[in-house]
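Visitor: Provided below for reference: sequence and predicted model.
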Amino acid sequence: MSNDSFASVWDAIEDNRAEAQNMRLRSALMIALKNHIAREGLNQKAAAQLLGVTQPRISDLMNGKINLFGLDSLVNMATAAGLHVELHIADAA
């Protein structure tokens, strides 16, 4: 067993840095959307209407099915929810 340390769980489980970064961003957007839905007290049907998706899509979001979501769809949903999405890019360490 190795004692490797990783910056995030995604770095530990993904084969390449690009995919790990993609998963980190998708995860952050999904968490923000789930928190927004909870904060607003929306049920899945109301959340689906607000975000312009189907109720089963909200179910997938709430159940954390990250592999079913791309960055573009999550950004679109966040924008529809009235959230501000900002990307910060820095040189790799």
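Guide: Structure's in. What do you need?
Visitor: residue ranges for the helices of this protein, please.
Guide: Secondary structure of the chain (DSSP state H): helices at 9-13, 17-40, 44-51, 55-62, 71-80.
Visitor: Out of those, which is closest to Asp91?
Guide: helix 17-40 (13.6 Å; C-beta to C-beta). For every residue, glycine as well, the C-beta is placed using N, CA and C.
Visitor: what's the closest of the helices of the chain to Leu87?
Guide: helix 17-40 (8.1 Å).
Visitor: For Ala81, give me the pLDDT.
Guide: Looking at Ala81, its pLDDT stands at 97.
Visitor: now swap in Gly70 and tell me
Guide: 96.
Visitor: ditto for the one 5 residues further on
Guide: pLDDT recorded at Val75 is 97.
Visitor: Can you verify my assumption that it contacts Leu29?
Guide: Yes. If you go by C-beta atoms under 8 Å, Val75 and Leu29 touch, sitting 6.8 Å apart.
Visitor: list residues touching both of the two?
Guide: Listed as contacting both Val75 and Leu29 by C-beta atoms under 8 Å, 6 or more residues apart in numbering are Val85.
Visitor: quick one, which of these two is more surrounded?
Guide: Shown here are Val75 and Leu29; by other C-beta atoms under 10 Å, Leu29 has more neighbours (21 against 16).
Visitor: How much space separates the nearest residue to the more buried one once chain neighbours are set aside from Ala92?
Guide: Excluding its sequence neighbours, the residue lying closest to Leu29 (C-beta to C-beta, 6 or more residues apart in numbering) is Leu74, at 3.9 Å. Distance of Leu74 to Ala92, given as C-beta to C-beta, to the nearest Å: 23 Å.
Visitor: Tell me which of the two has more neighbours.
Guide: Set side by side, Leu74 and Ala92 show more neighbours around Leu74, with 21 against 5, by other C-beta under 10 Å.
Visitor: Quick check, the more buried one in contact with Arg26.
Guide: Yes. With contact defined as C-beta under 8 Å, Leu74 reaches Arg26; the gap is 6.0 Å.
Visitor: hmm, which helix or strand of this structure has the shakiest average pLDDT?
Guide: Least confident helix or strand of the chain, by mean pLDDT, DSSP states H and E, is helix 9-13 with a mean of 51.
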